[in-house]
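>>> Quick one, fold the following:
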Amino acid sequence: MGKTKGLQHRIAGRTKQAVGEIIGDQDLHDDCKAQAERGRDEQDKPSELNPLKKLKQLT
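Have a look, this model is predicted:
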């Protein structure tokens, strides 16, 4: 998954998290918080298109 997909998951998760908070649905809030965190993790992963980025992480 690329940075764009990670950003999409992060935005969707944060939006649904807010809705869960507004309507008082704690399960929805918690599930979507996890989705937003997975999206953030995907954004932080090195891009497959740039193999030198992996090298940068090793140094």
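
>>> which residue is nearest the centroid of the chain?
Centroid-nearest residue in the chain: G39, 1.2 Å away (criterion: CA atoms, centre = their mean).

>>> which residues are in contact with the biggest helix by length in the chain?
Ordering each helix of the chain by length in residues (DSSP state H) puts helix 3-23 first. Residues outside helix 3-23 that contact it (CB atoms under 8 Å, 6 or more residues apart in numbering) are 25-45, 47. To be clear about C-beta, it is placed using only N, CA and C from the backbone, and glycine gets the same treatment.

>>> pLDDT of the next helix or strand after it, averaged?
Once the chain leaves helix 3-23, the next helix or strand it forms, by DSSP states H and E, is helix 26-44. Per-region confidence: helix 26-44 scores 82 on mean pLDDT.

>>> From the contact counts, what lies against helix 26-44?
helix 3-23 (3 or more CB pairs under 8 Å, 6 or more residues apart in numbering; DSSP states H and E).

>>> Show me how far the helix it packs on is from its chain's centre.
When C-alpha coordinates are averaged (CA atoms, centre = their mean, to the nearest Å), helix 3-23 and its chain have centres 8 Å apart.

>>> residues touching the residue nearest to the centre of the chain, list them.
Contact analysis of G39 by CB under 8 Å, 6+ apart lists K5, G6, L7, Q8, H9, R10, I11, A12, G13.

>>> What's the PyMOL syntax to select whichever of the residues you listed are buried?
Provided next is the PyMOL selection string for whichever of the contacts of G39 are buried by 16 or more other CB atoms under 10 Å:
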select buried, resi 6+9+10+13
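
>>> Using a markdown table, lay out the contacts of G39 together with pLDDT.
Below are the contacts of G39 laid out as a markdown table (pLDDT from 0 to 100):
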| residue | pLDDT |
| --- | --- |
| K5 | 80 |
| G6 | 80 |
| L7 | 82 |
| Q8 | 84 |
| H9 | 83 |
| R10 | 85 |
| I11 | 87 |
| A12 | 86 |
| G13 | 86 |
